[in-house]
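S.K.: got a structure for you, letters missing:
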């Protein structure tokens, strides 16, 4: 492989930041205003958004430092160097379980929301299966081409959100956001914890840093990738509370989509803006699912190199679909999401931070 060809297969700091933003802006953005409204009971949830974003940035910075310490090496390879090969196998398998569960969560969310807002008569099982098949097709191709889809899709999503917010500005009532600073610190901390799932995704830096032209720029990519969701979440939360009030928002299953339903474009050119909004949003969730499934396969192939990517896709897909269909109702689904958040906090946040500290104590470092 020539040096030029290899360079074409690497991504820049800004591209990595967009990838992080895209994978972070997933299903959670559709539900987080309800979680915050329940926790704080007021407009003050914006403080929890910022606090949660700062915590996510701090954790992401440490994850990026760990991955940059071992450039061009997979999670399994540098975990084995730091903590021995048996430990590397165990931790990598636990990470694979997390990433696979996240794919299941995302595709089931697509099934639930699509049935509620788009395909009323279609069984959720068929919607979920169809989406999984499309994700399979994306992952089976070029990894860099899949990542570059984020450069194409994310700007479109921002344009649609901007249109929704523009046409709901006139619906904002100042009384809905009063009183200011009425929540105590316990409520704000509870809101910070509740919005945690909405920031899940920046941990992809652990696995994709090896594809960066300059892995040492990983921390900067984290800053770019998290700044976008934080600003977006702040804006959406303010509009949701301003339009519906906190009391109404806490009873809406998907407040962000309900906000889009309030849009009335003059002239009646579009009568159901929420359908257009959700259709565009599917592109972001598609990229999120594809990246998580790809990360699962990266980790598995790093441990079991004789098994090809295509074979792993065929092995994992039935299991992912089976797990996605386990929740019987929305209560089970959101319980699954909550448990997944805590599991991810342990496996892809605390464990890698511990690995970084251990690597520094032992003076272990990779070579590019």
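M.R.: Nice, I can see it. The model shown is predicted, which means the values in this text are computed figures rather than measured ones.
S.K.: From now on I want contacts and neighbour counts done on CA atoms only, so please keep to that.
M.R.: Will do.
S.K.: And the helix or strand harbouring residue 161, what does it pack against?
M.R.: Element membership for residue 161, per DSSP states H and E: helix 143-168. Packing contacts for helix 143-168, counted by 3 or more Cα pairs under 8 Å, 6 or more residues apart in numbering; DSSP states H and E, involve helix 13-24, helix 218-244, helix 255-261, helix 273-303.
S.K.: same question for the first one, mean pLDDT?
M.R.: Within the predicted structure, the mean pLDDT of helix 13-24 is 88.
S.K.: Could you check the angle the very next helix or strand once past that helix makes with helix 218-244?
M.R.: As assigned by DSSP H and E, the chain's next helix or strand after helix 13-24 is helix 28-40. Using axes from the mean of the first three to the mean of the last three Cα atoms, to 10 degrees, the inter-axis angle of helix 28-40 relative to helix 218-244 is 60 degrees.
S.K.: my guess is residue 252 contacts residue 36, does it?
M.R.: No: under the criterion of Cα atoms under 8 Å, residue 252 makes no contact with residue 36, lying 11.8 Å away.
S.K.: Show me which of the two is the more surrounded one.
M.R.: More crowded of residue 252 and residue 36, by other Cα atoms under 10 Å: residue 36, with 29 against 16.
S.K.: Show me the helices in the stretch 51-200 of the chain, by range?
M.R.: Assigned by DSSP state H, counting those that start in this stretch, the helices in the stretch 51-200 of the chain fall at 75-83, 85-117, 124-140, 143-168, 185-194.
S.K.: closest one to residue 259 among those helices?
M.R.: The minimum distance between residue 259 and those falls on helix 143-168, with 7.7 Å, by Cα to Cα.
S.K.: In the stretch 1-150 of the chain, where is pLDDT below threshold?
M.R.: The stretch 1-150 of the chain contains residues with pLDDT under 70 at 1-8, 27, 41-42.
S.K.: run the last query once more with 50
M.R.: 1-7 (pLDDT under 50).
S.K.: For residue 101, grab the count of nearby residues.
M.R.: 22.
S.K.: these two touch, right, it and residue 339?
M.R.: No: look at residue 101 against residue 339 with Cα under 8 Å: they stay out of range, at 10.5 Å.
S.K.: How much space separates the residue nearest to residue 307 when sequence neighbours are not counted from residue 311?
M.R.: Sequence neighbours aside, residue 301 is the residue nearest to residue 307 in space, at 6.5 Å (criterion: Cα to Cα, 6 or more residues apart in numbering). Distance of residue 301 to residue 311, given as Cα to Cα, to the nearest Å: 10 Å.
S.K.: So for the two, which sits in the more crowded spot?
M.R.: More crowded of residue 301 and residue 311, by other Cα under 10 Å: residue 301, with 17 against 11.
S.K.: pretty sure residue 194 is in contact with residue 34, am I right?
M.R.: No: counting by Cα under 8 Å, residue 194 stays clear of residue 34, with 9.7 Å between them.
S.K.: neighbour-wise, which of these two wins?
M.R.: For the pair residue 194 and residue 34, the greater number of neighbours falls to residue 34 (26 against 22), based on other Cα under 10 Å.
S.K.: Now do the contacts for residue 238.
M.R.: By Cα atoms under 8 Å, 6 or more residues apart in numbering, the contact set of residue 238 is 43, 46.
S.K.: quick revisit: including distance to residue 13, could the helices of the stretch 51-200 of the chain go into JSON lines?
M.R.: Shown next, in JSON lines, are the helices of the stretch 51-200 of the chain (distance: least, Cα to Cα, whole Å):
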{"stretch": "helix 75-83", "distance to residue 13": "19"}
{"stretch": "helix 85-117", "distance to residue 13": "23"}
{"stretch": "helix 124-140", "distance to residue 13": "22"}
{"stretch": "helix 143-168", "distance to residue 13": "13"}
{"stretch": "helix 185-194", "distance to residue 13": "28"}
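S.K.: Could you count how many residues lie near the closest residue to residue 88 other than its chain neighbours?
M.R.: Leaving aside its sequence neighbours, residue 88 sits nearest to residue 80 (Cα to Cα, 6+ apart; 4.5 Å). Counted by other Cα under 10 Å, the residues lying close to residue 80 total 18.
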